[in-house]
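Asks: Mind looking at a prediction? Sequence and model below.
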Amino acid sequence: MRRSFLQLHIAVLLAGFTGILGRLITLNEGLLVWYRMLFTVLGLLALGRLGGRLPRASSRAAARRLLATGALVALHWGTFYGSIKYANVSVGLVCFSSMCFFTAVLEPLLQRRRPVVVELLLGVLVMVGIALIFRFDASYRTGIVLGVLSSMLSALFTVLNKRWLVTELPETVNLYEMAGGWLALTMLLPFHTARFPPDHWLPTGSDFVWLLFLSIFCTIIAIRLSLMALREVSPFTVNLTYNLEPVYGIGLAFLIYREDRQLGPGFYAGMSIIVLSVMLQTARIRRLRPSERS
């Protein structure tokens, strides 16, 4: 269990860079995710070749499920980067924390079990934190709405991944979902670019470098680590731990972009509540028996 938590926190630390990279990369959110998924698929295929075999799903039905889940990942990333570009890195990352609320609701529904009252309360606590930010920083309304939508999508595919990992290897889940997301986005991109015309279609030299970093470290490595951890811990715990992603990402945003000058007291009050929810869940998990943690 300790190893799973270590893997999970390394994944969260790597994920903390995604918001910063989303602002550094000059492509719009649709093209950014399209290139990210393309580079990730190519990287996973290259790793499979080097390892001597490509990951394969256990059945055609499993392959279809994984590809469809990948479409959810693409929509999650698209709305996440849209949140950052319509608001800023800090607001987009904090809204991502609402994922645990949606997980506390969706996981019992999909697994046909009773909801855990403590998880619901912790999820509501996070939503209170986000509501405080929304109240005091209403100028970021569009970004906040996109961020919350992104979190709901993330919660959904994390719960689904818990089910798929019963029969599939983490590398198989990763490859098929990235491929499915890229295919779905390829079909949707013409409609998106018609509604939101991009300034440019091809990545610049610096964009290319950051996209590679984003694809290798923040996607291939981070997702593999989180999927490995998901085998031993619950989707709610994974998603609640990912609420620490704003802590890392916002720290970087303050350091690089000085976003602390843009944010008011409501942001810090909401952020404090969200960090408190993570601490309470961590303490709760440590008190549970190993059989109760997943």
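Replies: Thanks, I have the structure now. All values reported here derive from a predicted model rather than from experimental measurement.
Asks: okay, CA-based contacts and neighbour counts for the rest of this
Replies: Will do.
Asks: Can you check what pLDDT the model gives the closest residue to Ala229 other than its chain neighbours?
Replies: Excluding the flanking residues, the one nearest Ala229 by C-alpha to C-alpha, 6 or more residues apart in numbering is Ser4, at 4.5 Å. pLDDT for Ser4: 81.
Asks: How far does the helix or strand hosting Ser4 sit from its chain's centre?
Replies: Element membership for Ser4 (DSSP states H and E) is helix 2-24. The chain centre lies 9 Å from the centre of helix 2-24; the measure is C-alpha atoms, centre = their mean, to the nearest Å.
Asks: In contact with Tyr248, which residues?
Replies: By C-alpha atoms under 8 Å, 6 or more residues apart in numbering, Tyr248 lies in contact with Leu13, Gly16, Phe17.
Asks: same thing but at 6 Å, please
Replies: Shown in contact with Tyr248 (C-alpha atoms under 6 Å, 6 or more residues apart in numbering): Gly16.
Asks: Assign it to helix, strand or coil.
Replies: Under the three-state scheme (DSSP: H, G, I helix; E, B strand; the rest coil), Tyr248 adopts helix.
Asks: hmm, back to that, buried ones in the helix holding Ser4?
Replies: Neighbour counts over helix 2-24 (16 or more other C-alpha atoms under 10 Å) mark 4-5, 7-23 as buried.
Asks: picking up where we left off before, for the residue nearest to Ala229, give its distance to Leu160.
Replies: 19 Å (C-alpha to C-alpha, to the nearest Å).
Asks: Same check on Arg65?
Replies: Using C-alpha to C-alpha, Arg65 is found at 9 Å from Leu160.
Asks: what do these two both touch?
Replies: Contact criterion C-alpha under 6 Å, 6+ apart; residues shared by Arg65 and Leu160: none found.
Asks: How far away from the center of its chain is stretch 112-119?
Replies: 22 Å.
Asks: List the contacts of that stretch.
Replies: If you take C-alpha under 6 Å, 6+ apart as the criterion, stretch 112-119 is touched by Ala104, Pro108.
Asks: again, 8 Å this time
Replies: Stretch 112-119 is contacted from outside by Phe101, Ala104, Val105, Glu107, Pro108, Phe236, using C-alpha under 8 Å, 6+ apart.
Asks: can you list the weak-confidence ranges in the stretch 1-150 of the chain?
Replies: The stretch 1-150 of the chain contains residues with pLDDT under 70 at 1, 134-139.
Asks: so what secondary structure elements neighbour the helix holding Ser4?
Replies: On a contact count with 3 or more C-alpha pairs under 8 Å, 6 or more residues apart in numbering; DSSP states H and E, helix 2-24 meets helix 60-86, helix 89-95, helix 205-215, helix 222-230, helix 235-241, helix 245-257.
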